[in-house]
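Visitor: Mind folding the following:
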Amino acid sequence: MRVIGIGLNKTGTTSLAAALNRLGIPCVHNPSLQKMAKILQRKLPEFQACCDYPVWIHWLALVAVYPKAKFILTWRPLDDWLVSRMAHVLRNQLRGRGWRSMDPEQDRRDWEQHNRAVREFFAGRQNFLELHICDGEGYEKLCPFLDLSQPAAAFPHKRRADEELKRLAAGKLYVADEPAILG
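Guide: Next up, the predicted model:
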(Lines give C-alpha, C1' and ligand atoms only; values in the text may rest on other atoms or scores of the structure.)
Protein backbone atom coordinates (compact mmCIF):
# COMPACT_ATOMS: atom_id res chain seq x y z
CA MET A 1 0.00 0.00 0.00
CA ARG A 2 1.19 3.50 -0.86
CA VAL A 3 -0.14 6.51 1.04
CA ILE A 4 0.45 10.01 -0.26
CA GLY A 5 -0.41 13.07 1.83
CA ILE A 6 -1.20 15.91 -0.55
CA GLY A 7 -2.22 18.59 1.94
CA LEU A 8 -0.28 21.83 2.09
CA ASN A 9 2.39 22.15 4.75
CA LYS A 10 1.03 23.37 8.11
CA THR A 11 -2.15 21.28 7.74
CA GLY A 12 -1.19 18.46 10.09
CA THR A 13 1.38 16.75 7.88
CA THR A 14 3.78 16.16 10.78
CA SER A 15 0.94 14.51 12.69
CA LEU A 16 -0.02 12.45 9.63
CA ALA A 17 3.56 11.24 9.19
CA ALA A 18 3.81 10.29 12.86
CA ALA A 19 0.46 8.46 12.71
CA LEU A 20 1.42 6.53 9.58
CA ASN A 21 4.75 5.56 11.15
CA ARG A 22 2.93 4.35 14.28
CA LEU A 23 0.60 2.30 12.06
CA GLY A 24 3.62 0.58 10.49
CA ILE A 25 3.60 2.55 7.24
CA PRO A 26 7.02 4.24 6.98
CA CYS A 27 6.40 7.84 5.95
CA VAL A 28 8.87 10.31 4.50
CA HIS A 29 7.86 13.73 5.82
CA ASN A 30 9.17 16.72 3.85
CA PRO A 31 11.36 14.68 1.48
CA SER A 32 14.43 16.24 -0.05
CA LEU A 33 14.11 17.18 -3.71
CA GLN A 34 16.48 14.31 -4.54
CA LYS A 35 14.32 11.81 -2.66
CA MET A 36 11.18 13.28 -4.27
CA ALA A 37 12.71 12.75 -7.72
CA LYS A 38 13.40 9.10 -6.83
CA ILE A 39 9.82 8.64 -5.61
CA LEU A 40 8.49 10.07 -8.88
CA GLN A 41 10.81 7.80 -10.91
CA ARG A 42 9.91 4.71 -8.86
CA LYS A 43 13.58 4.40 -7.86
CA LEU A 44 12.92 4.21 -4.12
CA PRO A 45 11.79 0.62 -3.53
CA GLU A 46 11.23 1.08 0.21
CA PHE A 47 8.87 4.02 -0.37
CA GLN A 48 5.47 3.50 1.23
CA ALA A 49 4.24 6.96 2.24
CA CYS A 50 5.14 10.63 1.96
CA CYS A 51 3.67 14.03 2.76
CA ASP A 52 4.37 17.76 3.10
CA TYR A 53 6.48 19.90 0.77
CA PRO A 54 7.40 19.10 -2.03
CA VAL A 55 4.85 16.26 -2.17
CA TRP A 56 1.82 18.53 -2.46
CA ILE A 57 3.42 20.41 -5.36
CA HIS A 58 3.78 17.16 -7.33
CA TRP A 59 0.43 15.62 -6.43
CA LEU A 60 -0.80 15.23 -10.02
CA ALA A 61 2.45 13.56 -11.08
CA LEU A 62 2.17 11.24 -8.08
CA VAL A 63 -1.36 10.29 -9.13
CA ALA A 64 0.01 9.39 -12.57
CA VAL A 65 2.89 7.35 -11.15
CA TYR A 66 0.92 5.71 -8.30
CA PRO A 67 -2.73 5.64 -9.47
CA LYS A 68 -3.69 2.95 -6.93
CA ALA A 69 -2.19 4.82 -3.97
CA LYS A 70 -4.35 6.19 -1.18
CA PHE A 71 -4.32 10.00 -1.24
CA ILE A 72 -4.97 12.10 1.85
CA LEU A 73 -5.72 15.81 1.78
CA THR A 74 -4.92 17.21 5.20
CA TRP A 75 -6.75 20.48 5.63
CA ARG A 76 -7.29 23.32 8.07
CA PRO A 77 -9.33 26.52 7.89
CA LEU A 78 -7.64 29.29 5.92
CA ASP A 79 -7.16 31.77 8.78
CA ASP A 80 -5.72 29.07 11.06
CA TRP A 81 -3.44 27.92 8.25
CA LEU A 82 -2.14 31.47 7.71
CA VAL A 83 -1.32 31.80 11.45
CA SER A 84 0.50 28.46 11.45
CA ARG A 85 2.35 29.38 8.27
CA MET A 86 3.41 32.69 9.82
CA ALA A 87 4.81 30.86 12.86
CA HIS A 88 6.62 28.45 10.54
CA VAL A 89 8.19 31.27 8.49
CA LEU A 90 9.21 33.19 11.64
CA ARG A 91 10.77 30.10 13.20
CA ASN A 92 12.82 29.41 10.10
CA GLN A 93 13.90 33.04 9.81
CA LEU A 94 15.03 32.96 13.45
CA ARG A 95 17.07 29.85 12.67
CA GLY A 96 18.78 31.70 9.83
CA ARG A 97 17.40 29.43 7.15
CA GLY A 98 16.76 32.33 4.81
CA TRP A 99 13.09 31.57 4.43
CA ARG A 100 10.94 33.86 2.37
CA SER A 101 8.69 36.39 4.00
CA MET A 102 4.93 35.96 4.12
CA ASP A 103 2.70 37.08 1.29
CA PRO A 104 -0.76 36.56 2.85
CA GLU A 105 -2.67 37.35 -0.35
CA GLN A 106 -0.61 34.92 -2.46
CA ASP A 107 -0.75 32.30 0.30
CA ARG A 108 -4.53 32.72 0.42
CA ARG A 109 -4.79 32.19 -3.35
CA ASP A 110 -2.46 29.16 -3.18
CA TRP A 111 -4.52 27.60 -0.36
CA GLU A 112 -7.79 28.11 -2.23
CA GLN A 113 -6.48 26.89 -5.60
CA HIS A 114 -4.77 23.79 -4.22
CA ASN A 115 -7.67 22.60 -2.09
CA ARG A 116 -10.22 23.27 -4.83
CA ALA A 117 -8.15 21.45 -7.51
CA VAL A 118 -7.57 18.40 -5.29
CA ARG A 119 -11.23 18.13 -4.27
CA GLU A 120 -12.43 18.48 -7.87
CA PHE A 121 -9.96 15.88 -9.15
CA PHE A 122 -10.76 13.27 -6.49
CA ALA A 123 -14.53 13.86 -6.30
CA GLY A 124 -16.21 10.47 -5.89
CA ARG A 125 -12.97 8.45 -5.88
CA GLN A 126 -12.53 5.70 -3.31
CA ASN A 127 -8.76 6.23 -2.89
CA PHE A 128 -9.16 9.75 -1.46
CA LEU A 129 -9.66 10.96 2.09
CA GLU A 130 -9.95 14.49 3.41
CA LEU A 131 -8.60 14.56 6.96
CA HIS A 132 -9.02 17.54 9.29
CA ILE A 133 -6.25 16.70 11.77
CA CYS A 134 -6.12 20.28 13.05
CA ASP A 135 -9.81 20.03 13.98
CA GLY A 136 -9.21 16.84 15.97
CA GLU A 137 -9.80 14.12 13.39
CA GLY A 138 -7.42 11.19 13.59
CA TYR A 139 -7.32 7.41 13.71
CA GLU A 140 -11.12 7.04 13.77
CA LYS A 141 -11.22 8.35 10.19
CA LEU A 142 -7.73 7.36 8.97
CA CYS A 143 -7.73 3.67 9.95
CA PRO A 144 -10.96 2.65 8.14
CA PHE A 145 -9.67 4.40 5.00
CA LEU A 146 -6.44 2.39 5.22
CA ASP A 147 -8.26 -0.83 6.18
CA LEU A 148 -6.28 -0.96 9.44
CA SER A 149 -7.31 -1.49 13.04
CA GLN A 150 -7.39 1.62 15.17
CA PRO A 151 -4.61 1.60 17.78
CA ALA A 152 -5.33 2.18 21.46
CA ALA A 153 -2.83 5.06 21.56
CA ALA A 154 -4.02 8.62 21.01
CA PHE A 155 -3.51 10.21 17.62
CA PRO A 156 -0.18 12.11 17.58
CA HIS A 157 -1.26 15.74 17.20
CA LYS A 158 1.98 17.68 16.65
CA ARG A 159 3.08 21.31 16.28
CA ARG A 160 -0.15 23.14 17.04
CA ALA A 161 0.00 26.72 15.73
CA ASP A 162 -1.08 28.33 19.00
CA GLU A 163 1.65 26.45 20.87
CA GLU A 164 4.24 27.44 18.24
CA LEU A 165 3.34 31.13 18.55
CA LYS A 166 3.64 30.93 22.35
CA ARG A 167 7.09 29.33 22.03
CA LEU A 168 8.19 31.96 19.54
CA ALA A 169 6.93 34.77 21.79
CA ALA A 170 8.97 33.25 24.62
CA GLY A 171 12.05 33.16 22.36
CA LYS A 172 12.06 29.36 22.10
CA LEU A 173 12.54 27.50 18.83
CA TYR A 174 10.63 24.32 18.16
CA VAL A 175 12.46 21.11 18.99
CA ALA A 176 10.80 17.93 17.76
CA ASP A 177 9.93 15.47 20.51
CA GLU A 178 9.21 12.67 18.05
CA PRO A 179 10.58 13.45 14.59
CA ALA A 180 9.07 11.86 11.53
CA ILE A 181 11.41 10.22 9.07
CA LEU A 182 13.00 13.19 7.33
CA GLY A 183 14.06 13.38 3.70
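
Visitor: in the longest helix seen in the chain, what counts as buried?
Guide: Ranked by number of residues, the top helix in the chain under DSSP state H is helix 104-122. For helix 104-122, the neighbour count (16 or more other CB atoms under 10 Å) marks 107, 111, 114-115, 118, 122 as buried. Just so you know, the C-beta spots here come from the backbone N, C-alpha and C atoms, and that holds for glycine as well.

Visitor: The residues you listed: which two are farthest apart?
Guide: 107 and 122 (22.7 Å; CB to CB).

Visitor: Tell me which stretches of the protein form strands.
Guide: 3-5, 27-29, 49-51, 70-74, 128-131, 181-182 (DSSP state E).

Visitor: any idea which of the ones you listed is most buried?
Guide: Stretch with highest mean neighbour count among those: strand 49-51 (a mean of 28; mean count of other CB atoms under 10 Å).

Visitor: rewinding a little: could you dump the strands of the chain into a markdown table with distance to residue 43 added?
Guide: Shown next, in a markdown table, are those (distance: least, CB to CB, whole Å):
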| stretch | distance to residue 43 |
| --- | --- |
| strand 3-5 | 16 |
| strand 27-29 | 14 |
| strand 49-51 | 14 |
| strand 70-74 | 21 |
| strand 128-131 | 26 |
| strand 181-182 | 18 |
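
Visitor: between these, which one is nearest to residue 102?
Guide: strand 70-74 (20.5 Å).

Visitor: got the contact list for the closest residue to residue 128 other than its chain neighbours?
Guide: Closest residue to residue 128 in three dimensions, ignoring its sequence neighbours and counting by CB to CB, 6 or more residues apart in numbering: residue 122, at 3.7 Å. Counting by CB atoms under 8 Å, 6 or more residues apart in numbering, residue 122 makes contact with 71, 73, 128.
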